[in-house]
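J.: Give me a 3D structure for the following:
(one chain, ligands or ions: 1)
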Amino acid sequence: MTRVKICGVTTREDLGAVVEAGADAIGVTVDVPVETPRAIDAERAADIVSATPPFVTTVLVTMPDPPASAAGVAERVGADVVQLHGDLPPEGVASLSADLESDVVVAVSPDDAPRYDTVADALLVDSLDESGAGGTGATHDWERTRELVSELASPVVLAGGLTPENVAKAVETVDPFAVDVASGVEGQPGRKDPAALEAFVRRAGGRP
Ligand SMILES: O=C(O)c1ccccc1NCC(=O)[C@H](O)[C@H](O)COP(=O)(O)O
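T.: Modelled structure (predicted):
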């Protein structure tokens with residue numbers, strides 16, 4: 001069964017819709033040096049994390065600069081998992097991973113994924129921009145990501161341009177450990193659409 005993470009939750013109301021839809025994990029985006037409607041401050045993120053019910057995993061999505069600042073943000077937000085974006089080299093991710101108490105997911109492009117295998121607890125293979133940020137709404141070559149799933153030891157999370165319309169095909173093609181979506185389930189920038197959430201989770205699980 002492919003797990004589902006819904007990223008970029010900005011309000012408690014959207015958290016409720018995400019949980020109601022049956023997602024396995026929620027992401028809150030804090031301390032990212034890019035323009036995005038999904039960025040919130042650490043206090044709001046901590047409030048959303050604390051309101052998340054048991055058995056739903058919470059993920060802090062961040063681009064720490066300097067890298068050592070990740071520990072402070074992680075402590076303030078209190079999420080179960082830290083998802084790192086940016087231009088950290090593999091050894092930098094490994095070092096942060098050792099320092100952080102939570103599990104670590106690192107966001108990588110398909111081309112970079114092999115260099116990052118096993119330096120973190122999972123790889124999020126995404127269509128990143130030039131700064132390493134996600135939320136681009138762009139898909140990439142799923143056949144290539146399918147090869148990565150077969151070749152790499154790390155669990156692979158598929159992200160980038162997923163929507164309720166394409167997620168079933170994406171899961172069938174890639175067979176990832178999990179799928180992740182941000183912009184593809186929004187009704188307006190930074191706000192989730194309950195019907196899109198429900199359809200995304202259902203179709204990611206192979207139901208029509
Ligand atoms: O969502 C953002 O705007 C964002 C900005 C900076 C760093 C990471 C960001 N999102 C991380 C995610 O995990 C997204 O869900 C992932 O990149 C997929 O986004 P999308 O293509 O919009 O589904």
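
J.: now the helices: where do they sit in this protein?
T.: In order along the chain, the chain carries the following helices (DSSP state H): 12-21, 42-51, 69-77, 90-99, 113-116, 142-151, 167-174, 194-204.

J.: any chance of these in TSV, with mean neighbour count too?
T.: Just so you know, the C-beta spots here come from the backbone N, C-alpha and C atoms, and that holds for glycine as well. Shown next, in TSV, are the helices of the chain (neighbours: other C-beta atoms under 10 Å):
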stretch	mean neighbour count
helix 12-21	18
helix 42-51	17
helix 69-77	18
helix 90-99	16
helix 113-116	17
helix 142-151	16
helix 167-174	18
helix 194-204	20
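
J.: would TSV of these with mean pLDDT and distance to Glu35 be doable?
T.: Formatted as TSV, the helices of the chain follow (pLDDT from 0 to 100; distance: least, C-beta to C-beta, whole Å):
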stretch	mean pLDDT	distance to Glu35
helix 12-21	98	20
helix 42-51	98	18
helix 69-77	96	19
helix 90-99	96	25
helix 113-116	98	26
helix 142-151	98	27
helix 167-174	98	26
helix 194-204	98	23
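
J.: a markdown table please, covering those and showing distance to Met63.
T.: Shown next, in a markdown table, are the helices of the chain (distance: least, C-beta to C-beta, whole Å):
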| stretch | distance to Met63 |
| --- | --- |
| helix 12-21 | 22 |
| helix 42-51 | 14 |
| helix 69-77 | 9 |
| helix 90-99 | 12 |
| helix 113-116 | 16 |
| helix 142-151 | 22 |
| helix 167-174 | 25 |
| helix 194-204 | 25 |
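
J.: Out of those, which is closest to Val30?
T.: helix 42-51 (4.8 Å; C-beta to C-beta).

J.: Would you mind pulling up the elements that that closest one packs against?
T.: helix 12-21, strand 25-29, strand 57-62, helix 69-77 (3 or more C-beta pairs under 8 Å, 6 or more residues apart in numbering; DSSP states H and E).

J.: Grab the nearest non-local neighbour of Asp99.
T.: Ala71 (6.1 Å; C-beta to C-beta, 6 or more residues apart in numbering).

J.: Ok, Val119 next?
T.: Of all residues not flanking Val119 in the chain, Ala94 sits nearest, at 4.3 Å (C-beta to C-beta, 6+ apart).

J.: Can you name the residues of this protein sitting close to the ligand?
T.: 7-8, 27, 29, 32, 34, 36, 38, 61, 63, 85, 126, 133-137, 159-162, 180-184 (C-beta under 6 Å from any ligand atom).

J.: Can you flag the buried ones in those?
T.: 7-8, 27, 29, 32, 36, 38, 61, 63, 85, 126, 133-136, 159-162, 180-184 (16 or more other C-beta atoms under 10 Å).
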